[in-house]
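Chemist: Fold the following.
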Amino acid sequence: MSDLAQNHPGRWWHPLPDGRIQCDLCPRDCKLHDGQRGACYVRQREGAQMVLTTYGRSSGFCIDPIEKKPLNHFYPGSAVLSFGTAGCNLACKFCQNWDISKSRDMDRLMDQASPQQIARAARDAGCTSAAFTYNDPVIFAEYAIDTARACQELGIRTVAVTSGYIHAEPAREFFAVMDAANVDLKAFTDEFYYKLTGAHLQPVLDTLVYLHHETKVWTEITTLLIPGYNDSSAEIEALCQWVYRELGPDVPLHFSAFHPDYKMPDVPPTPPATLSRARQIGRDQGLHYVYTGNVHDTEGDTTFCPGCNAALIVRDWYRILDYQLTASGHCPHCQTAIAGRFAASAGHFGARRIPVRLNPVS
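Modeler: Model prediction:
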C-alpha cells in the first residue's frame, strides 16, 4: 500500500476533560475514545489525535459535464474532473449515492492519487475544473483543500458539491480554495432534516448565507423533491422566499427528481409535474434562475434572461443546443447582465461521461 493510503493527520478537533476528543469539523461534534470513528466513519481517533482515513484514496474519477453537478452558470458546456471518497456526515434515508456515501469500509476506494496527480490529470484531460463530489467533501476537507490548491496552481478551477453541514471556522478554510459550490438544501423544515438526515436545517442556511455574502464562491442550490415529504407548495414557497430574501434573486435554484433508493424504496419517483410546479413557484417568488433536474425538460433546463425573457442558454439534458450570451456575460437582446461565471463562448463537452483511472489500488 502506498504512503497515500496511510491515515493522514486531521484538523479541527480539541481534547475534552473526560479524555475524549471532539471533532470540530461539522455540527455533529462527535466525541471519540481511542479507535472510535465519527458519524462520517472516515474521521477517526488514533491515540491523542484525529486522523482522516481516506486521504489520497478515491471511489473513482470521471470526466463529466459541469451541468451534471449541477452548475448551470459556471462555465457552461465545460468538462469537470469529478471524484469522491467514502462516507458522509449526514444520514439521509433517501441517499441517491448510498453505495459510496454510506460505505463503512474501504472497498469502494479503488483509486489513489496525490493532490498534484489529480491536478495534472484534470489539466491533461482538458478540464476547466475539478469537482469534489459523489460523497460530501466536507468530511475529507484536508484532502479536498490540498487538491484544490494544487489545481489552482495549474489554472484548474475547483467545485464543491456539498450539503453545507460544516462549522464556521473550517468553512472559512474550505471555501477559501473553492471557485464554485452546489449546496444541497434538502428541505425547508428542521423536522425533515432531523427525521430523514439526522441533521438540522439552520447550519445549512448559515453556510449558504456565508457563501453568498462573505465569499467569492459562485453558488447554486439543489433541492431534491420527495413526494409527500418536502414537495408541498407551501414548503417550496417558503424555501424560495428565503432564498430571495437572504441571498437575492440571482442564485440559481435546481429542483431535482427523487427516485426510490436506499431506505426509501417504497416512495414513488417525483412526477415531472411536481418539478414544473416548483419551478413556477420559484419564478413567481422573483427568482431569476430556477431549473428542473433528473428529468427531460428542455424548458426547465434553459436559462432565460430576467430582463426580456429571451432563451439564452438552451439545454437538452447536459447538451447545450443554443448559447447566446455575449463575451461579457450579457443578454444580446436587452444587455441585462446574467449572473454567473462565463467564458467568451460555451464549451462543447456535451453529455459524455468518461471514467478515468489514475493509480488503481492493488
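Chemist: what's the pLDDT at Asp284?
Modeler: At Asp284, the model reports a pLDDT of 98.
Chemist: Would you report the backbone torsion angles of it?
Modeler: Here is the backbone geometry of Asp284 (degrees, to the nearest 10): phi -60, psi -30.
Chemist: And Gly347, by the same measure?
Modeler: Gly347 adopts backbone torsions of phi -80, psi 170, taken as degrees, to the nearest 10.
Chemist: Number of residues surrounding the nearest residue to it once chain neighbours are set aside?
Modeler: Nearest residue to Gly347 in three dimensions, chain neighbours excluded: Gly77, at 3.2 Å (CB to CB, 6 or more residues apart in numbering). In this view, the C-beta of every residue, glycine as well, is placed from N, C-alpha and C. Number of residues near Gly77 (other CB atoms under 10 Å) recorded here: 21.
Chemist: Could you double-check that Gly77 sits in contact with Ala351?
Modeler: No: applying CB atoms under 8 Å as the test, Gly77 and Ala351 come out as separate, 10.6 Å apart.
Chemist: Now for these two: what residues contact both?
Modeler: Applying CB atoms under 8 Å, 6 or more residues apart in numbering, one finds that Gly77 and Ala351 are jointly contacted by Pro65.
Chemist: Just checking, which helix or strand of the protein averages the lowest pLDDT?
Modeler: The helix or strand of the chain with the poorest confidence is helix 98-101; it has a mean of 59 (mean pLDDT, DSSP states H and E).
Chemist: Next secondary structure after that one?
Modeler: Elements were assigned by DSSP states H and E; along the chain past helix 98-101, the next helix or strand is strand 111-112.
Chemist: hey, where'd the strands end up in the stretch 1-150 of the chain?
Modeler: Remark: strands assigned in the stretch 1-150 of the chain by DSSP state E, counting those that start in this stretch are 8-9, 13-15, 21-23, 31-32, 43-46, 49-52, 57-58, 60-65, 79-84, 111-112, 129-132.
Chemist: Out of those strands, flag the one nearest Leu321.
Modeler: Among these, strand 60-65 comes nearest to Leu321, with 13.3 Å by CB to CB.
Chemist: any idea of the angle the closest one forms with strand 79-84?
Modeler: Here the directions of strand 60-65 and strand 79-84 differ by 150 degrees (axes from the mean of the first three to the mean of the last three CA atoms, to 10 degrees).
Chemist: neighbouring strands for strand 60-65, and are they parallel or not?
Modeler: strand 79-84 (antiparallel), strand 354-356 (antiparallel) (DSSP bridges).
Chemist: Distance to Gly347 added to the ones you listed, as TSV?
Modeler: As requested, the strands paired with strand 60-65 are arranged in TSV below (distance: least, CB to CB, whole Å):
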stretch	distance to Gly347
strand 79-84	7
strand 354-356	14
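Chemist: Among these, which one carries the weakest average confidence?
Modeler: Taking the mean pLDDT of the strands paired with strand 60-65, strand 354-356 comes last: a mean of 93.
Chemist: If you count neighbours, what's buried in it?
Modeler: Val356 (16 or more other CB atoms under 10 Å).
Chemist: Next up, the contacts around the nearest residue to Phe349 once chain neighbours are set aside.
Modeler: Counting by CB to CB, 6+ apart, Phe349 lies nearest to Ala79, which is 4.2 Å off, once chain neighbours are set aside. Counting by CB under 8 Å, 6+ apart, Ala79 touches 63-66, 125-128, 347, 349.
Chemist: if you set the cut-off to 10 Å instead, what comes out?
Modeler: Applying CB atoms under 10 Å, 6 or more residues apart in numbering to Ala79 gives the contacts 63-66, 122, 125-129, 347-350, 352, 354.
Chemist: Quick check: closest non-adjacent residue to Leu211.
Modeler: Thr219 (4.7 Å).
Chemist: who touches the one you found in this structure?
Modeler: Contacts of Thr219 (CB under 10 Å, 6+ apart): 71, 73-74, 160, 164, 175, 178, 180-183, 207-208, 210-212, 247, 251-252.
Chemist: Could you rerun that using 8 Å?
Modeler: For Thr219, the contacting residues are 180-183, 208, 211-212, 247, 251, by CB under 8 Å, 6+ apart.
Chemist: domains of the protein?
Modeler: Taking automatic domain parsing as the reference, the chain has its domains at 3-52, 57-356.
Chemist: Buried deepest among those, which one?
Modeler: Mean neighbour count (mean count of other CB atoms under 10 Å) peaks for domain 57-356 among those, with a mean of 19.
Chemist: That one: end-to-end distance?
Modeler: 14 Å (CA to CA, to the nearest Å).
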